[in-house]
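# For reference, the sequence and a predicted model appear below.
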Amino acid sequence: MSLSSVSSAFGLTLSDISHAAMWIVILVLCYGFAIRLAKWTNQHVLAHPILITTTLVLTFTQLIEPDVQRVMTHLHPIKYLLGPLTVGLALPVYNQLPILRQLGVKVLLPIAVGGLFAPLSAFSVLYLLDAEPAWQLTILTKSITTPFAMDTATMLGGIAGLAAVFNIITGMIGVMALPSVNRWLQINDDKANGLVLGTIAHGIGTSKAVLLSEQAGAFASLALCVNGVGTAIVLSVLLG
């Protein structure tokens with residue numbers, strides 16, 4: 001199938017396709033550089049690949065096409081990878097099922113507590129600052145994985161795009177703060193790290209947990225799924 005036939009089939013111009021291809025290539029190159037930089041700096045918290053990639057893409061946006069909304073439209077195909085990637089995180093959970101069955105409620109309780117405290121504390125801050133109601137509703141989804149957060153925020157009357165921003169900021173802060181918190185509390189346990197990263201820092205935290213160990217990745221994946229689904233259902237029932 002030729003490029004012109006693809007463009008006519010989907011109602012796109014050749015300019016739309018070329019711009020989308022250009023920005024996807026830029027995104028991939030920025031992420032590749034960010035991965036290399038993280039390795040060169042021995043995984044320094046300020047060299048997290050998502051932080052570096054976001055910074056580089058925003059820089060290119062200002063230089064090439066200042067209209068961020070148009071850039072997001074060009075990068076829209078990348079959004080469809082979130083679903084399969086989230087489902088793929090179930091693999092480490094399956095590998096650690098015997099340990100998860102053994103711990104049982106000891107795993108679910110901290111996920112429930114963290115999943116409750118994280119959104120309520122953030123909501124309280126915006127409420128006290130008298131932020132717009134849409135912002136207050138949106139921040140309730142800050143600690144669940146991005147696809148869930150955007151859909152849930154829309155159902156609640158929040159802002160889907162803002163939910164994604166809150167998610168990225170929350171995930172980055174969670175990943176960057178974990179080493180300091182571990183030193184302060186003298187915690188060095190893969191199960192605990194996984195639960196914290198998955199519950200509070202969702203997908204970004206889970207990707208970090210996978211790098212720590214398979215067990216940390218498994219517990220993070222479980223926390224991400226349980227907290228994401230649970231929070232989305234509870235918020236939809238109570239506020240939707």
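It's in. Numbers count the residues shown, from 1 in each chain.

# Can you tell me how far the residue nearest to residue 201 when sequence neighbours are not counted is from residue 27?
Nearest-residue entry for residue 201: residue 174, 3.0 Å, with adjacent residues in sequence omitted and distances by C-beta to C-beta, 6 or more residues apart in numbering. From N, CA and C alone the C-beta is placed, and that goes for glycine too. The spacing between residue 174 and residue 27, counted by C-beta to C-beta, to the nearest Å, is 23 Å.

# Settle it for me: which of these two has more neighbours?
Set side by side, residue 174 and residue 27 give different neighbour counts by other C-beta atoms under 10 Å, the larger being at residue 174 (22 against 18).

# before we move on, which element is the more buried one in?
Here residue 174 is covered by helix 160-185, with elements defined by DSSP states H and E.

# now residue 52
Using DSSP H and E, the element containing residue 52 is helix 49-64.

# List the buried residues in that helix.
When neighbours are counted by 16 or more other C-beta atoms under 10 Å, the buried residues of helix 49-64 are found to be 49, 50, 51, 52, 53, 54, 56, 57, 60, 61.

# Check what contacts it and list those residues.
26-27, 30-31, 33-35, 37-38, 68, 71, 168, 171-172, 204 (C-beta atoms under 8 Å, 6 or more residues apart in numbering).

# what's the residue closest to the geometric middle of the chain?
residue 203 (4.1 Å; C-alpha atoms, centre = their mean).

# Any regions of the chain where pLDDT drops low?
Counting by pLDDT under 70, the chain has low-confidence residues at 1-16, 82-83, 85-93, 96, 239-240.

# Mind doing that once more with 50?
Low-confidence segments of the chain, defined by pLDDT under 50, are located at 1-3, 6-10.

# Can you give the domain ranges for it?
Per automatic domain parsing, the structural domains of the chain span 1-79, 81-240.

# re earlier: and the next helix or strand past the helix holding residue 52?
Remark: after helix 49-64, the chain's next helix or strand is helix 68-74, criterion DSSP H and E.

# What are the contacting residues of the next helix or strand after that following helix?
Along the chain past helix 68-74, the next helix or strand (assigned with DSSP H and E) turns out to be helix 76-79. When contacts are taken as C-beta under 8 Å, 6+ apart, the neighbours of helix 76-79 outside the stretch itself are 20, 24, 27.

# So which of these belong to helices?
Assignment to helices by DSSP state H places the following of those there: 20, 24, 27.

# Tell me which of the domains of the chain is the most buried.
With neighbours defined as mean count of other C-beta atoms under 10 Å, the domains of the chain peak in mean count at domain 81-240, which reaches a mean of 18.
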